[in-house]
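Enquirer: pasting the sequence and the predicted model now:
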Amino acid sequence: FDPLGKAHAAGSWPLRTVSGVWNRKSRRRRVLIVMSNTGGGHKASAQALKSGFQMLYGNRFEVDIVDLWTDYTTYPFNQMPGTYSFLVKHAWMYWLVFTISNPRWLHTAYFTFVLLFIHDKVVQMFEQYKPDLAISVHPLMQHIPIRVLNSMVAAGTYQPIPFTTVITDFTTCHNTWFHKGVTQCFVPTEQAYHQAKRLGLRDDQLTIHGLPIRPVFSRPLPSKSTLRKRLGMDKDRPAVLLVGGGEGMGKIESTVGAIAKKAGSLCQLVVICGRNQSLVKRLKARTFPNGMKVIVNGFVNNVNEWMGASDIIITKAGPGTIAEALICGLPILLNGHIPGQEAGNIPYVVDNNVGTFERRPKRIAAIVKDWITSKQGELKEMSKRARALGRPEVCHR
C-alpha cells in the first residue's frame, strides 16, 4: 500500500482509493474486509491484506475482518460455510451450482431475494464498524454490501465510501466477482481483466495485480540447508511437499503410499494434513519401506518454511497455494481441483510450464520419480520459471 507515493500514482496494489481514505480527517481510519469462510483461501487473503496494512502503516489503520454470512445473517444463510463444504465433497453438485448461478440475471435475482431477509443485518454491520473503506475478498460480497451502502447513503445515514474488490481466483472467476458499482477491482491475471471488461467494468476501475498472499512470503528465507536442519529434514535428499489444504482433503493417504512404493529410497516426503487429525494419526502410525523419511504435520503456521525447504509441491489447484508455491520457486504437481471455480488454474500452471496435473496416485508417484531422477534439469527449469511468475511484492505495494 502506497497511498502517498509513486506506487499509488501508478495505480499499484492495492487501492487507488486508499488516498481518499487517508486524506479525510486525522482520526484513525477504519477498513472493513468482508469475506466468507468457504474454503481457506478467502480468509487467508483477508488476513494477508490485514497484515499488509499493519506492516506498512502500524496503527494508522484499524482493519477488521468479518464473515458476513456467518456473523450477520440468520438461518439458512448463516450456514454458507457448511453448505460449501458439503458441495465441495460432492463435486458434481458444486459444478452445477457454480454453472447455474453464473448468469448475471439469475444471481442478481437471487441477491435481490436474499436482501429481503438480511438487509437490516448488513446495515447493522456497517453501523457497528463504521468503515472508511470496504474491501471484498469473496464473490458473494459485492452485490449485497454495495446495495446496502447505496441505500444508507440515499437515506442520509452514511457517507459514501470507497468499495474495492480483490479477486482471489486466477482465471475461472464466477461472474458474481464483478460489480460495476465498485470503486476499484483488483484482478490477478489478464484473463480476469478481460472478463471484467466484458461484464461492464471500466479501465479506470481495474488494476492487474497478483493474488494477495501472506506478507511472510515476501521476506527472504534462510538457505534450504538451514531450513531443513531447523525442520528436522534430511539435508541431501530431494524433498516432496504434499499439501492437503486446511481440511486435509484429497487422496493424501493413497498418494503417500504410492510415492513410498515408487520412490521411497530416492526422496523424503513432508505431508501437511491441515485440521484432519484422524489422517495425521493414521499416517504417523504407518511404517514406510526403503527407509523413506516421512514427516507428518497437521495444521501449520510456517508453511513458507516447509515450501522453502522443499523441491516439489503436490497440491490441489487452490489459487493461494499456487501463488505461494510460485514465489518459493516450487514446481507444482496438481492432484485435483474444485469444478468450475479452480478449473482454470490447471492450464495456468501447465501452460506456464511450472508444473503438471495428475489425479491418480500411482501416476503422481511416477512423475515424482521422473522429476527427481531422469528429469532433474527440467525440474530446475520449472523452478526458475515459477520464481519468475511469482509476485512476492503483492501485499507491499
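Expert: Perfect, I can see it now. Just so it is clear, the model here is predicted, and its values are computed rather than measured.
Enquirer: which neighbouring elements make contact with the biggest helix by length in the chain?
Expert: Longest among the helix segments of the chain by residue count, using DSSP state H, is helix 104-129. Helices and strands touching helix 104-129, as assessed by 3 or more C-beta pairs under 8 Å, 6 or more residues apart in numbering; DSSP states H and E, comprise strand 29-35, strand 61-67, helix 68-72, helix 143-154. Quick note: C-beta positions are derived from backbone N, CA and C, even for glycine.
Enquirer: hey, what's the angle from the last one to helix 104-129? Just curious.
Expert: Computed with axes from the mean of the first three to the mean of the last three C-alpha atoms, to 10 degrees, the direction of helix 143-154 lies at 60 degrees from that of helix 104-129.
Enquirer: which positions within helix 143-154 qualify as buried?
Expert: Within helix 143-154, the residues that count as buried by 16 or more other C-beta atoms under 10 Å are 143-149, 152.
Enquirer: quick check, nearest of those to residue 270?
Expert: Closest approach to residue 270 among those (C-beta to C-beta): residue 145, at 39.8 Å.
Enquirer: what pLDDT does the closest residue to the closest one other than its chain neighbours get?
Expert: In space, and not counting its chain neighbours, residue 145 is closest to residue 34: 5.9 Å by C-beta to C-beta, 6 or more residues apart in numbering. Note on residue 34: pLDDT of 93.
Enquirer: so residue 34 is in contact with residue 138, correct?
Expert: Yes - applying C-beta atoms under 8 Å as the test, residue 34 and residue 138 come out as touching, 6.9 Å apart.
Enquirer: so where's the stretch 201-350 of the chain uncertain?
Expert: Filtered on pLDDT under 70, the stretch 201-350 of the chain yields the residue ranges 245-250, 290.
Enquirer: ranges for the helices of the stretch 201-350 of the chain?
Expert: For the stretch 201-350 of the chain, applying DSSP state H, counting those that start in this stretch gives helices covering 224-231, 252-263, 277-285, 303-308, 319-327, 345-351.
Enquirer: hang on, the earlier thing: tilt between the longest helix of the chain and strand 61-67?
Expert: Using the same axes, to 10 degrees, the direction of helix 104-129 lies 130 degrees away from that of strand 61-67.
Enquirer: what comes up buried for helix 104-129?
Expert: 107, 111, 114, 118, 121-123, 125-126, 129.
Enquirer: what would the residues you listed look like in TSV with distance to residue 208 and pLDDT?
Expert: Shown next, in TSV, are the buried residues of helix 104-129 (distance: C-beta to C-beta, whole Å; pLDDT from 0 to 100):
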residue	distance to residue 208	pLDDT
107	24	89
111	27	90
114	31	89
118	33	91
121	34	93
122	30	92
123	34	94
125	30	93
126	29	94
129	29	93
